[in-house]
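[1] Let me see the structure of the following:
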Amino acid sequence: MSIEERKTLSSTVVQNLVLENREKLSVSGVLDVLSFDDQVVIIETELGLLNVKGDNLHINKLSIDTSEVIVEGDIYSMSYSDKSVDKKGNSLISKIFK
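    Next comes the predicted model:
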């Protein structure tokens, strides 16, 4: 996704990330939760894949109807990556978990 495409997309999509005391993360604009365990949660959002890393992570609330998710635990980092698909149609997530 090019920078121009991101600017166009981000001007039409509103997404909020609220981190409270590094223990509770509220995310809006959620499409799906692709993977989760007690150390990593991978969330598909309208702006790309959001990777949340930490310890003792758990999903407290998941509502696809309202596009919201709440992750609780000791949160160490959050990072975005593009929703990339290779030429064969395999997603980034499918490559990671092969």
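[2] Only C-alpha atoms from now on, for both contacts and neighbour counts.
    Will do.
[3] which secondary structure elements does the longest strand seen in the chain contact?
    Secondary structure of the chain per DSSP state E: the longest strand is strand 48-63. Helices and strands touching strand 48-63, by 3 or more CA pairs under 8 Å, 6 or more residues apart in numbering; DSSP states H and E, are strand 40-45, strand 68-81.
[4] how about 10 Å then?
    strand 24-28, strand 30-36, strand 40-45, strand 68-81 (3 or more CA pairs under 10 Å, 6 or more residues apart in numbering; DSSP states H and E).
[5] what's the burial count for Lys24?
    19 (other CA atoms under 10 Å).
[6] Okay, and the beta partners of it?
    Counting by DSSP bridges, Lys24 forms beta bridges with Glu20, Glu72.
[7] Ok, Asn51 next?
    Bridge pairing for Asn51 - DSSP bridges - gives Ile42, Ser79.
[8] For it, give its distance to Ser63.
    Applying CA to CA, to the nearest Å, the value for Asn51 to Ser63 is 18 Å.
[9] out of these two, which sits in the busier spot?
    More neighbours surround Asn51 than the other of Asn51 and Ser63, with 17 against 13 (other CA under 10 Å).
[10] Can you give me the separation between that one and Val27?
    12 Å.
[11] quick one: common contacting residues for those two?
    Ile43 (CA atoms under 10 Å, 6 or more residues apart in numbering).
[12] hang on, Arg22 packs against Asp55?
    No - using CA atoms under 10 Å, Arg22 makes no contact with Asp55, being 11.1 Å away.
[13] got any residues that touch both of these two?
    72-76.
[14] The nearest residue to Lys53 once chain neighbours are set aside - how many residues pack around it?
    Leaving aside its sequence neighbours, Lys53 sits nearest to Val40 (CA to CA, 6 or more residues apart in numbering; 4.6 Å). For Val40, the neighbour count with other CA under 10 Å is 19.
[15] Relative to His58, how far out is Val40?
    9 Å.
[16] again, but for Glu72
    For Glu72 relative to His58 (CA to CA), the value is 5 Å.
[17] which residues do those two both contact?
    Counting by CA under 10 Å, 6+ apart, the residues touching both Glu72 and His58 are 24, 38.
[18] Could you check which of the two is surrounded by more residues?
    Glu72 (21 against 18).
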